[in-house]
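A.B. asks: Quick one, what's the 3D model for this:
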Amino acid sequence: VVCLLLGAALWLWLPRPDRLPPETHLVRPIPGDRSRLARDVTYPDGSTVRAGETFVKTWQIDNIGTVPWRDRYLYRQWPWDGEDLCQTERRSVRIPDTDPGESALVSVEVRAPVEPTRCKVYWKMVDVDGNHYMPHLSGIFFDVTVVR
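C.D. replies: Here you go, the predicted structure:
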């Protein structure tokens, strides 16, 4: 009887496809959707920036898959806010439309904190609704040392 009750409770608790929002029906990762960080164009890992400085980090990302990128963005991963963190937009970093075999330059404006620290900020690719692409991958990041 206990197993029957637990099974019924689990059946009611687990999400069923007929109760999921439409966007969860998308297949993730999307077959053929692949990217590669080609290079850090500006501020390679370990670069030094001055406290309080504003700088622009730029990456080159290659579309090495078979799926064109349309209406995609970089979304900053947690943590987002704090005086000891580099400040950026969370998701206004648009990735240019990029066909398979092409590369995109993606830039984000960054404001360094006013005190020396290390900033390592991760980003993942999302669509306009915030759905993640290639969620199994770590994304891209910048890693700078803030000095006086």
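
A.B. asks: For the residue nearest to S103 when sequence neighbours are not counted, name its beta-bridge partners.
C.D. replies: Spatial nearest neighbour of S103, excluding adjacent residues (C-beta to C-beta, 6 or more residues apart in numbering): D62 at 4.9 Å. Yep, even glycine has a C-beta here, placed from its N, CA and C like the rest. Here D62 sits in beta bridges with R36, S103, going by DSSP bridges.

A.B. asks: list the contacts for D62?
C.D. replies: 35-38, 102-104 (C-beta atoms under 8 Å, 6 or more residues apart in numbering).

A.B. asks: Might you list the low-confidence residue ranges for this structure?
C.D. replies: Within the chain, the stretches with pLDDT under 70 are 1-26.

A.B. asks: Tell me where it has strands.
C.D. replies: With DSSP state E as the criterion, the chain has strands at 35-40, 47-50, 54-63, 72-76, 93-95, 103-111, 117-127, 140-147.

A.B. asks: Adding distance to Y133, write the ones you listed out as JSON lines.
C.D. replies: Conversion of the strands of the chain to JSON lines gives the following (distance: least, C-beta to C-beta, whole Å):
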{"stretch": "strand 35-40", "distance to Y133": "8"}
{"stretch": "strand 47-50", "distance to Y133": "27"}
{"stretch": "strand 54-63", "distance to Y133": "11"}
{"stretch": "strand 72-76", "distance to Y133": "7"}
{"stretch": "strand 93-95", "distance to Y133": "10"}
{"stretch": "strand 103-111", "distance to Y133": "13"}
{"stretch": "strand 117-127", "distance to Y133": "4"}
{"stretch": "strand 140-147", "distance to Y133": "12"}
